[in-house]
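> Output the structure for:
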Amino acid sequence: MKILVTAATGNIGRKVVDHLLAAGAEDVRALSNHPERAAFPDEVEVVRGYLGKVSSLAGAFEGVDRMYLAPVLETVEEVVALARKAGVRHIVDLSGDESTDWQPIARAVEQSGPDWTHLFAGEFSENATIWCEQIRASDEVRDPCPEAANAPITMDDIARVAAKVLLSDGHAGKTYELTGPETLTRGEKIRQIGVALGRDLDVVKVSREEAIRLLQPGMGEYAEWYVDGITSMIDHPQQATTTVADLTGAATTFAQWATTNADQFR
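Purely as a prediction, here's the structure:
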């Protein structure tokens, strides 16, 4: 069974490749626009191409049985049409429900013809690195919504689920809502980072305007969208699911992620 991983140099795609190999997959093809950056193992078949440039995908889907589809909105309908024409039998996509910008991906995959499995993921644990600069500079973290809560998931857990679904049967037509194993407020996340660092971090609530100003250097025009999005989680906190553990046996807690990645905040 040949498995194609798209965007295989990306943060999640590269991990999907690694988990497939660790689980014993013997016929993995990696689609990457910059394969030289990933140092893929010799047993991985590497094809240069980019989902956002359909003309670069000639031959990428030939002989593929199952594929992991990274979330690229602009060309998804053309991409899944090429996959169906080439005979791909099952598409596992990273997308989202109707409340997200990623719903068109799920819809296009469902309409394409092959079997499908949707992976819906919320905020990544890795997004906590937006606090890196503040934590490196002091023990005070300024945030607009320390009481807003969700269940952050690591990119590695998403990749582990994708690999599991690609390598096993019984997932066709299913949608998996992926979260971390616990719902935490933003203030609790900051404090857990402090524990990982051996420091007491104080959380200071700031206005929407100040938060946008703090985030704009890194987020640009998306800072306002991000602040308004997290504000909605005050009244509508995301509830944790057990899906990752159900499918793979374990899920990574935010505290575990913070401990592993503590050096990013030092």
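
> any idea of the pLDDT on the residue nearest the centre of the chain?
Centroid-nearest residue in the chain, with CA atoms, centre = their mean: residue 155, separated by 4.8 Å. With respect to pLDDT, residue 155 has a value of 98.

> quick one: which helix or strand includes residue 101?
Under DSSP states H and E, no helix or strand contains residue 101.

> Next one: it from residue 79, what distance?
Relative to residue 79, residue 101 is positioned 17 Å away (CB to CB, to the nearest Å). For the C-beta atoms, the positions are set from N, CA and C on the backbone; glycine is no exception.

> more crowded one of those two?
residue 79 (26 against 11; other CB atoms under 10 Å).

> Just list the residues touching the more buried one, thanks.
Counting by CB atoms under 8 Å, 6 or more residues apart in numbering, residue 79 touches 51, 54, 57, 69, 72.

> Filter the residues you listed down to the buried ones and hand me the ChimeraX line.
Buried members of the contacts of residue 79, defined by 16 or more other CB atoms under 10 Å, are picked up in ChimeraX with:
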select :51,54,57,69
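
> Among the contacts of residue 79, which pair sits farthest apart?
Maximum pairwise distance among the contacts of residue 79 (CB to CB): 13.6 Å, between 54 and 69.

> quick one on the thing from earlier: strands - which of the contacts of residue 79 land there?
residue 69 (DSSP state E).

> Just give me the closest of the contacts of residue 79 to residue 18.
residue 69 (17.9 Å).

> how much space between the closest one and residue 35?
On the measure of CB to CB, residue 69 and residue 35 end up 18 Å apart.

> got it, and residue 107?
Residue 107 is 30 Å from residue 35, by CB to CB.

> Stretch 244-253: which residues count as buried?
Here stretch 244-253 shows 244, 247, 251, 252, 253 as buried, counting by 16+ other CB under 10 Å.

> check contacts around the second one.
Contacts of residue 247 were listed using CB under 8 Å, 6+ apart, and they are 161, 164, 165, 176.

> And the third one, how close does it get to residue 3?
Pointing back at residue 165 there. Taking CB to CB, one finds residue 165 at 11 Å from residue 3.

> Kindly report the same for the second one.
Taking CB to CB as the measure, residue 164 and residue 3 are separated by 12 Å.

> Have a look at the two and say which one is more surrounded.
residue 3 (23 against 19).

> doesn't residue 98 fall inside a strand?
No. Per DSSP: H, G, I helix; E, B strand; the rest coil, residue 98 lies outside any strand segment and is coil.

> Would you check which pair of the buried residues of stretch 244-253 lies furthest apart?
Top of the distance list for the buried residues of stretch 244-253 (CB to CB): 247 and 253, 16.7 Å.

> Let me see the ranges of the strands in this structure.
Using DSSP E, strands in the chain cover 3-5, 28-32, 45-48, 66-69, 90-95, 115-121, 140-143, 149-150, 174-178, 184-185, 202-205.

> Pick the most deeply packed of those.
Of all these, strand 3-5 carries the top mean neighbour count, a mean of 28, counting by mean count of other CB atoms under 10 Å.

> what pairs with that one, and is each one parallel or antiparallel?
Sheet pairing of strand 3-5 (DSSP bridges) gives strand 28-32 (parallel), strand 66-69 (parallel).

> Export those strands to JSON lines and append columns for distance to residue 238.
Listed next are the strands paired with strand 3-5 as JSON lines, based on distance: least, CB to CB, whole Å:
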{"stretch": "strand 28-32", "distance to residue 238": "31"}
{"stretch": "strand 66-69", "distance to residue 238": "24"}
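
> how about the ones you listed in TSV, adding mean pLDDT and distance to residue 116?
TSV is the format used below for the strands paired with strand 3-5 (pLDDT from 0 to 100; distance: least, CB to CB, whole Å):
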stretch	mean pLDDT	distance to residue 116
strand 28-32	97	18
strand 66-69	98	9
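
> right, so of those, which gets closest to residue 91?
strand 66-69 (5.4 Å).

> Give me the contacts around the closest one.
By CB under 8 Å, 6+ apart, the residues outside strand 66-69 that reach it are 1-6, 13, 16, 51, 61, 76, 79-80, 83, 88-94, 105, 109, 162, 166.
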